[in-house]
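A.B. asks: Model the following, please.
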Amino acid sequence: MKRLMISAAGLALMAGVVQANDLTLQLKWVTQAQFAGYYVAQEKGFYEEEGLNVTIKPGGPDIAPTQVLAGGGADVVVEWMPAALAAREKGLPLVNIAQPFKSSGMMLTCLKESGISDPKTDFAGKTLGVWFAGNEYPFLSWMNTLGLSTEGGEGGVTVLKQGFNVDPLLQKQAACISTMTYNEYGQVLDAGLSEDDLVTFKYEDQGVATLEDGLYVLEDTLSDDAKVEDLAQFVRASMKGWTYAAENPEEAAEIVLENDETGAQTMEHQTRMMSEIAKLLEGSDGTLAEADYQRTVNTLLSGGSDPVIAAAPEGAWVSTVTDRAFQ
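C.D. replies: Residues are numbered from 1 along each chain as shown. Predicted structure coming up:
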């Protein structure tokens, strides 16, 4: 009697089990509603429906997404385009494959008592809080556009290297600090200041906004058609997650809190954050618009003798993945 030999793969197929493809996403920052779409996609089974097993790795002050990607610790990272293009110019072949965030949430929040009402005339001589580790590039481009030195003095601004908190404004160490519409601005209000105490300058309103929270991979990844297919499935499921999160901010906030191992986040703050994030998603299906990309490049090139990038990038984004995801 002949014995029937069936491979493990054959047994899996007979049982109706399809092995999921693994994919690791590195976030730009800690677990919060800024990344709710990915957590929602995971919780609601959107990734599983696409045949993916997605691991989401939170970031933090000591984690650089681009370095994690370069070291093989992730397949995809969430990063701001200025940092990604600057890294690409320095030799790391980052490529944007999708752009969930259509608008920028970045702004400077100033104390009204500082007397600042117009950036063109009132920033000079003031101390401004700025995030670094790649987050300084939009600010530097803006100052260059205004013709302001960042080396201090009467004709320039003094840059205070800002931690990821709002203390410099509360303690009046700086006239203005960097804030995001969906995060630190709310922290300032929670600390006791009112909107009447503040003046805000959104990068979008100043015409110097650059793209944030895009999805990036290494260039070599795109030469493997199987990986491109995985990425297309990932982007499709992620945008489904973002749509759900925007329509259900409270539920999205709950899912974020369930994934926050630090216990540092609150329901009120995360719900407010998700509502603000939804505004940044408006008009995006995940596909990077060439006009938005070019606007970012032009802003980064406008630095006079010290631009963020020295030349217009080539091959820094592709539509291959989103074309396949939404065809």
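A.B. asks: tell me which residues of the longest helix along the chain are tucked away?
C.D. replies: Using DSSP state H, we find that the single longest helix of the chain is helix 225-247. Buried residues in helix 225-247, counted by 16 or more other Cβ atoms under 10 Å: 227-246. Every C-beta, even on glycine, is put in place using the N, C-alpha and C of the backbone.
A.B. asks: Next: stretch 163-171.
C.D. replies: V166, P168, L169.
A.B. asks: Next one: P58 from F132, what distance?
C.D. replies: Separation of P58 from F132 (Cβ to Cβ, to the nearest Å): 20 Å.
A.B. asks: So for the two, which residue has more residues nearby?
C.D. replies: Per other Cβ atoms under 10 Å, whichever of P58 and F132 has more neighbours is P58, with 17 against 13.
A.B. asks: Enumerate every residue touching the more buried one.
C.D. replies: L27, W29, V30, T31 (Cβ atoms under 8 Å, 6 or more residues apart in numbering).
A.B. asks: Mind pulling up the pLDDT for the second one?
C.D. replies: At W29 the predicted local distance difference test score is 95.
A.B. asks: Look at the residue nearest to it when sequence neighbours are not counted and give its secondary structure.
C.D. replies: Excluding its sequence neighbours, the residue lying closest to W29 (Cβ to Cβ, 6 or more residues apart in numbering) is G59, at 4.8 Å. Secondary structure state of G59, per DSSP: H, G, I helix; E, B strand; the rest coil, is coil.
A.B. asks: Helices along the stretch 201-327 of the chain, start to end?
C.D. replies: 203-206, 225-247, 249-259, 267-281, 290-301, 320-325 (DSSP state H, counting those that start in this stretch).
A.B. asks: want to try a markdown table for those helices, with distance to E49 and mean pLDDT as columns?
C.D. replies: Below are these laid out as a markdown table (distance: least, Cβ to Cβ, whole Å; pLDDT from 0 to 100):
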| stretch | distance to E49 | mean pLDDT |
| --- | --- | --- |
| helix 203-206 | 35 | 92 |
| helix 225-247 | 7 | 98 |
| helix 249-259 | 17 | 98 |
| helix 267-281 | 21 | 97 |
| helix 290-301 | 29 | 93 |
| helix 320-325 | 14 | 97 |
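A.B. asks: can you tell me which of those comes nearest to L215?
C.D. replies: helix 225-247 (6.8 Å; Cβ to Cβ).
A.B. asks: Share the number of residues neighbouring the residue lying closest to G152 once chain neighbours are set aside, please.
C.D. replies: Leaving aside its sequence neighbours, G152 sits nearest to T158 (Cβ to Cβ, 6+ apart; 4.3 Å). Residues near T158, counting by other Cβ under 10 Å, number 15.
A.B. asks: Would you confirm that T158 contacts K126?
C.D. replies: Yes. If you go by Cβ atoms under 8 Å, T158 and K126 touch, sitting 7.2 Å apart.
A.B. asks: Any regions of the stretch 101-250 of the chain where pLDDT drops low?
C.D. replies: For the stretch 101-250 of the chain, no stretch has pLDDT under 70.
A.B. asks: Strands of that one, start to end?
C.D. replies: 106-111, 127-130, 158-161, 176-180, 198-202, 214-218 (DSSP state E, counting those that start in this stretch).
A.B. asks: Single out the most deeply packed of the ones you listed.
C.D. replies: strand 176-180 (a mean of 26; mean count of other Cβ atoms under 10 Å).
A.B. asks: outside of stretch 253-265, which residues touch it?
C.D. replies: Contacts of stretch 253-265 (Cβ under 8 Å, 6+ apart): 30-33, 35-36, 39-40, 43, 56, 267, 270-271, 273-274.
A.B. asks: Weed out the non-buried ones from these.
C.D. replies: 30-33, 35-36, 39-40, 43, 56, 270-271, 273-274.
A.B. asks: Between which two of these is the distance greatest?
C.D. replies: Maximum distance among those (Cβ to Cβ): 20.1 Å, for I56 and T271.
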